[in-house]
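A.B. asks: Pasting the sequence and the predicted coordinates here, then a few questions.
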Amino acid sequence: MKVAVMGASGSVGEHVIKFLSRKNYESVAVINETNKTEEMKKLGATEVAVSNDEHFEEAFADCDAVIYVSGASPNAGETKTVLVDHRAVIDSVKETKKQGIDRFVFLSAIRANEPEDSDSRTTGAKDEPDELLRQEGLTYTIIRPSHLVDKPGSGKIEAAESVSSEGEIPREDVAAVLVEVLENEATYKQTYEVTAGDTRIEEAF
């Protein structure tokens, strides 16, 4: 399976590339920074695509799945969860369908009420891309993490329809979840909230 990873240069995205490589998946790291090309290859990316204009035709070509890591940047700080650039997600979903790709794994946000009137396009309308995934008929899995932290992954989580928004989860474990659900049919067309827990990731779904 060949997987396009949107947001591959973020902290979660880098871990996703590593996990895909370990599991012998081909991966296309989609990034915005040309100076990170070699870094992505060292992490295990099969290909690297630089996209500055939100056109993903070449990046998605011949891919079987897309993992979208939304705004997973350490710049958000350990006390904040992922903020969703919903316009870029929507563009990615539309290109996914145009390319005939069916599988879409989306790292969303656990926060229920992001401000709708924010000046930043990375906040607000969190549910818009989630709903689009359902409407477009893709085989999606939506993962909503609790607060992301830069700690070593434990390989153990809690996954449920709803978990405490006050919890935290290492970025490494979130990346492992995104790769674990990729071909797990039990997770198809499902939405999960995840936080640190006592269940091994491979058994949590």
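C.D. replies: Yep, that arrived.
A.B. asks: Find the nearest non-adjacent residue to the residue sitting nearest the centre point of the chain, please.
C.D. replies: When the chain is reduced to its mean C-alpha position, the closest residue under CA atoms, centre = their mean turns out to be Val69, at 2.8 Å. Leaving aside its sequence neighbours, Val69 sits nearest to Gly7 (CB to CB, 6 or more residues apart in numbering; 3.6 Å). Just so you know, the C-beta spots here come from the backbone N, C-alpha and C atoms, and that holds for glycine as well.
A.B. asks: And Ala59, by the same measure?
C.D. replies: Closest to Ala59 by CB to CB, 6+ apart is Ala49, at 3.7 Å.
A.B. asks: how about that neighbour, what does it touch?
C.D. replies: Ala4, Val28, Ala29, Val30, Ile31, Phe56, Glu58, Ala59 (CB atoms under 8 Å, 6 or more residues apart in numbering).
A.B. asks: What about the residues you listed, which are in strands?
C.D. replies: Ala4, Val28, Ala29, Val30, Ile31 (DSSP state E).
A.B. asks: Can you say which of the contacts of Ala49 are buried?
C.D. replies: Ala4, Val28, Ala29, Val30, Ile31, Phe56, Ala59 (16 or more other CB atoms under 10 Å).
A.B. asks: Turn those into a markdown table, including distance to Asp102 and pLDDT.
C.D. replies: Listed next are those as a markdown table, based on distance: CB to CB, whole Å; pLDDT from 0 to 100:
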| residue | distance to Asp102 | pLDDT |
| --- | --- | --- |
| Ala4 | 13 | 97 |
| Val28 | 17 | 97 |
| Ala29 | 21 | 96 |
| Val30 | 18 | 93 |
| Ile31 | 24 | 92 |
| Phe56 | 16 | 74 |
| Ala59 | 17 | 88 |
